[in-house]
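Enquirer: model the following, please.
(chains A and B)
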Amino acid sequence: MTMKPEVGPLPLRRPATGTPDAPAAARTIYRRPILLSAQPTSYCPGCGHGIVHRLIAEVLEELGVADRTILVGSVGCAVFAYDYLRLDAVESPHGRAAAVATGVKRYRPDRVVFTYQGDGDLAAIGTAEIVHAAARGERITVIFVNNGIYGMTGGQMAPTTLAGQKTTSSPLGRDTRTQGYPLPVTELLSLLPGVAYAARGCIAEPGLIGKTKAMIRRAFDVQLEDTGLSIVEVLSTCPVGWGMTPTESMQRLESEVMGAYPVGLFVDRAKGVGQAMPAPVGRASPAGGCAAAAPGPGVPAKEAGPARPAEA
Amino acid sequence: MAVLDRPAGAGRPHVVASPPGTGVEAPLPDRVLMKGNEAIAEAAIAAGCDAYFGYPITPQAELLEWMARRMPEEGRAFVQAESELAAINMALGAAAAGARVLVSSSSPGISLMAEGMSYMAGSRLPVVLVNVMRGGPGLGSIGASQADYLQATKGHGHGDYRVPVLAPSSIAEAIELVGDAFVLAERYRTPVMILADGILGQAMEPVVPRFRSIPKPTADWILEGAAGRDPRVVRSLHIRPDELEEANEVLQATYAEITAKERRWAGESLDGAEVVVVAYGTAARVARTAVERAREDGLRAGLFRPITLWPFPAPALREAAAGARAVLAVELSAGQLVEDVRLAIEGTVPVFHHGRTGGMVPSPDEVVAAMRKAWAVTPGKAPTRPGTVTPETAPGGVR
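Expert: Residues are numbered from 1 along each chain as shown, chains lettered A, B, ... in the order given. Alright, predicted model coming up:
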């Protein structure tokens, strides 16, 4: 296994294969995105990372921003994402991707910056970093791949593991009395006014994959609109960690996981979807002091209900 | 060159330029009183710091506060992070993107930053980190201390790495070392630590506010988007053992070069000194007074003050102590600096230690007493002016 990136400069646009006036003889219907390297994958058969990588590559190509995009990696199976996505990339310590991305974006606000994090990384050791990046409304995009398990270290229980689910560190099944409840991070984050876009997708079947791609596309659009943090949680598989075949894993996503983690759009502030919790944001006084608390921009005064995804 | 002036009544210094093209140096401004934390912050801004990340902790909070006001004024990045963990990783990200970055904290916060230090060393990222040390272990105290010497010089995080450590002993010197720290960090692609303490951070001293602007070298590794070139990856992960060993060899070669070229120290009254006192930072200020008093009283004492704690100026110290009767390490810690002193001396001269902890600072007389005792209990020729000191009557204790 080698970890060398492909050589040669990055082509920014793929050559057109035809025009409406002169259609090409053969139409390409499926190809490897230019942004995906030809590196043989290190992911297991049936793992969802490859699909999510591809969606990101397609979206960045379509947006034409790949040459000004910086990937902030994380720790877990996707630590090798920079071997597959042909982007400038920086590696983060476990859980710190949102802080690293904050540093990149604050220094280079004209670049597109996104993190790629699993659920152990983001929802356990990285909760402080993601919550505060969201609270600050950092202009970053977070791709949060949730397979409900620590895949790389051998299938231990994660904060996102479903109640009753057996893992190598919950061998009798996750007992909510002693091991707590699954953590719905995207729902929690959707309450924060700094989050401009929050959605949950899934890779269980092609229709859902298409919807997930649209979410990722919108998340990057929101970053370009400079309105706040955007996050797309993607429900994904870990056949090896789950002790299932790839097919069974995809079926489990639909039959079990999507029941616990509903797929859909939680927040798209620019489109009036989702309500932030009424936060005591106050309003900065001209003198720089703190005026009496009043709803700030983007914070509705009326009570927000529990977070529920809208129809995707 | 740009100098800093503080007009009467101004809340902060501001930068004024020399008259251009006149060939005449602008008149030096009067010395101004500056707090150490604020002087370090302003020195970083003048040096060209692009981004600052921090978290409130005593006794360095004024540094954060100064940056909170000044960095936005300069159109540069400032974030008060949610923790020191986040602050150091914001620094990692900004540095990877090519920013000149300053981070500051105090002892407990530095422990939290240890993880990031290891990653930045492994990823070869230049960042300047200021530790305004306080008493420890644990929550300790907010008093001045040097108890993080071993942490700073021997390793904060995991792995085979070193970080150059610069130790100012005055606010004026701290201003100088901030610029030097950025130069070192960028020349060798490494984090650099400025090791100060609560007194240096909190005290106000008169300084000539001449802050240096540091030219920024070009770099072929920074992340800005892979436009028209291969993608770049900033990382410390090398999953193959041979690749990791290769990366470690690059680091070790860098450390060897730093050790060969960048060791720094200052010496006072070392010629013919019978007792060589070794101290840095605030302890060196006390030691200087003690050396002066001892010399007035006939004890031939000298001061050796390491400025780089890593790399430790061992050959210079060994040479300075070659003719001495005793070496005395004075520190605001329970015996950390003295370990490097012993390694440098290699048993050629007896080495003693005098340390106070918890925020306590030794008095000059206390240090003089320790010097006399170190002199008296070691064999050697008769003193220049023996006085009445014998091992039995030497006041104070060698701690």
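
Enquirer: now do the strands in the stretch 1-150 of chain A.
Expert: A:69-72, A:88-90, A:112-118, A:141-146, A:149-150 (DSSP state E, counting those that start in this stretch).

Enquirer: please apply the same query to the stretch 51-200 of chain B.
Expert: Using DSSP E, counting those that start in this stretch, strands in the stretch 51-200 of chain B cover B:51-54, B:77-80, B:101-105, B:128-133, B:165-166, B:192-197.

Enquirer: quick one: name the residues of the stretch 51-200 of chain A near chain B.
Expert: A:66-70, A:72-73, A:79, A:82, A:86-93, A:96, A:99-108, A:111-112, A:128-129, A:131-132, A:136 (Cβ under 8 Å from any Cβ of the partner chain). Glycine gets a C-beta too; all of them are placed from N, C-alpha and C.

Enquirer: buried subset of those as a ChimeraX selection?
Expert: The ChimeraX selection below is limited to those of these classed as buried (16 or more other Cβ atoms under 10 Å in any protein chain shown):
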select /A:66,67,68,69,70,72,73,79,82,86,87,88,89,90,91,92,93,96,99,100,101,102,103,104,105,106,107,108,111,112,128,129,131,132,136
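
Enquirer: helices - which of the residues of the stretch 51-200 of chain A next to chain B land there?
Expert: Using DSSP state H, the members of these that fall within helices are A:82, A:99-107, A:128-129, A:131-132.

Enquirer: in TSV: the residues you listed, plus pLDDT and distance to residue B:83.
Expert: Below are these laid out as TSV (pLDDT from 0 to 100; distance: Cβ to Cβ, whole Å):
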residue	pLDDT	distance to residue B:83
A:82	96	26
A:99	98	9
A:100	98	14
A:101	98	16
A:102	98	12
A:103	98	14
A:104	98	18
A:105	98	19
A:106	98	17
A:107	98	20
A:128	98	6
A:129	98	8
A:131	98	11
A:132	98	8
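
Enquirer: of those, which is the nearest to chain B?
Expert: Distance to chain B across these (Cβ to the nearest Cβ) is lowest for residue A:103, with 2.8 Å.

Enquirer: what residues are up against that closest one?
Expert: Residues in contact with residue A:103 (Cβ atoms under 8 Å, 6 or more residues apart in numbering or on different chains) are B:51, B:53, B:77, B:79, B:89-97, B:99, B:101.

Enquirer: most surrounded residue in the residues you listed?
Expert: Using other Cβ atoms under 10 Å in any protein chain shown as the neighbour criterion, residue B:90 leads those with 36 neighbours.

Enquirer: leaving out chain neighbours, which residue sits closest to it?
Expert: Take residue B:90 and drop its neighbours on the chain: the residue closest to it by Cβ to Cβ, 6 or more residues apart in numbering or on different chains is residue A:103, 3.7 Å away.

Enquirer: so what touches stretch B:69-82?
Expert: So stretch B:69-82 is contacted by A:99, A:102-103, A:106-107, A:128-129, A:131-132, A:136, B:12, B:41-42, B:45, B:49-56, B:64, B:67-68, B:87, B:90, B:94, B:99 (Cβ under 8 Å, 6+ apart).

Enquirer: excluding chain neighbours, what is closest to residue B:116?
Expert: Spatial nearest neighbour of residue B:116, excluding adjacent residues (Cβ to Cβ, 6+ apart): residue B:88 at 3.2 Å.

Enquirer: I'd say that neighbour and residue B:102 touch.
Expert: No. Using Cβ atoms under 8 Å as the test, residue B:88 is too far from residue B:102 to be in contact (11.6 Å).

Enquirer: of those two, which one has the most company?
Expert: Neighbour count, other Cβ under 10 Å: between residue B:88 and residue B:102, residue B:88 has more, with 35 against 29.

Enquirer: could you measure from that one over to residue A:176?
Expert: For residue B:88, the distance to residue A:176 equals 35 Å [Cβ to Cβ, to the nearest Å].

Enquirer: what about the residue nearest to residue B:63 when sequence neighbours are not counted, which helix or strand?
Expert: Counting by Cβ to Cβ, 6+ apart, residue B:37 is the residue found nearest to residue B:63 once chain neighbours are left out, at 4.1 Å. Residue B:37 is part of helix B:36-47, with elements assigned from DSSP states H and E.

Enquirer: would you state the helices of the stretch 251-399 of chain B in chain order?
Expert: Ranges of helices within the stretch 251-399 of chain B are B:281-296, B:314-320, B:337-345, B:364-376, based on DSSP state H, counting those that start in this stretch.

Enquirer: check which helix or strand covers the residue at the greatest distance from the centre of chain B.
Expert: Most distant residue from the mean C-alpha position of chain B: residue B:228, 40.9 Å away (Cα atoms, centre = their mean). For residue B:228, there is no enclosing helix or strand under DSSP H and E.

Enquirer: correct me, but it touches residue A:66?
Expert: No. Applying Cβ under 8 Å as the test, residue B:228 and residue A:66 come out as separate, 11.6 Å apart.

Enquirer: mutual contacts of residue B:88 and residue B:102, please.
Expert: Contacts common to residue B:88 and residue B:102, judged by Cβ under 8 Å, 6+ apart, are residue B:129.

Enquirer: that older thread, and the helices of the stretch 251-399 of chain B as JSON lines, adding mean pLDDT?
Expert: JSON lines is the format used below for those (pLDDT from 0 to 100):
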{"stretch": "helix B:281-296", "mean pLDDT": "98"}
{"stretch": "helix B:314-320", "mean pLDDT": "98"}
{"stretch": "helix B:337-345", "mean pLDDT": "98"}
{"stretch": "helix B:364-376", "mean pLDDT": "97"}
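
Enquirer: of the ones you listed, which is nearest residue B:260?
Expert: In terms of Cβ to Cβ, the element of the helices of the stretch 251-399 of chain B nearest to residue B:260 is helix B:314-320, at 10.5 Å.

Enquirer: list the buried ones in the closest one?
Expert: B:314, B:316-318, B:320.

Enquirer: host element of residue A:233?
Expert: Here residue A:233 is assigned to strand A:229-235, by DSSP H and E.

Enquirer: so which elements touch that strand?
Expert: Using 3 or more Cβ pairs under 8 Å, 6 or more residues apart in numbering or on different chains; DSSP states H and E, the elements in contact with strand A:229-235 are helix A:127-135, strand A:141-146, helix A:185-189, strand A:195-202, helix A:206-225.

Enquirer: ok so, going back, distance to chain A for the helices of the stretch 251-399 of chain B - can I get that in TSV?
Expert: Converted to TSV, the helices of the stretch 251-399 of chain B look like this (distance: least, Cβ to the nearest Cβ, whole Å):
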stretch	distance to chain A
helix B:281-296	29
helix B:314-320	33
helix B:337-345	29
helix B:364-376	42
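
Enquirer: quick one, which of those helices gets closest to residue A:153.
Expert: helix B:337-345 (37.3 Å).

Enquirer: that closest one to helix B:281-296, inter-axis angle?
Expert: 70 degrees (axes from the mean of the first three to the mean of the last three Cα atoms, to 10 degrees).

Enquirer: which stretches of the stretch 1-150 of chain B form helices?
Expert: B:36-47, B:61-73, B:84-96, B:107-123, B:149-154.

Enquirer: including mean pLDDT, could those go into CSV?
Expert: Formatted as CSV, the helices of the stretch 1-150 of chain B follow (pLDDT from 0 to 100):
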stretch, mean pLDDT
helix B:36-47, 98
helix B:61-73, 98
helix B:84-96, 98
helix B:107-123, 98
helix B:149-154, 97
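
Enquirer: just say which of the ones you listed is most tucked in.
Expert: Of all the helices of the stretch 1-150 of chain B, helix B:84-96 carries the top mean neighbour count, a mean of 31, counting by mean count of other Cβ atoms under 10 Å in any protein chain shown.
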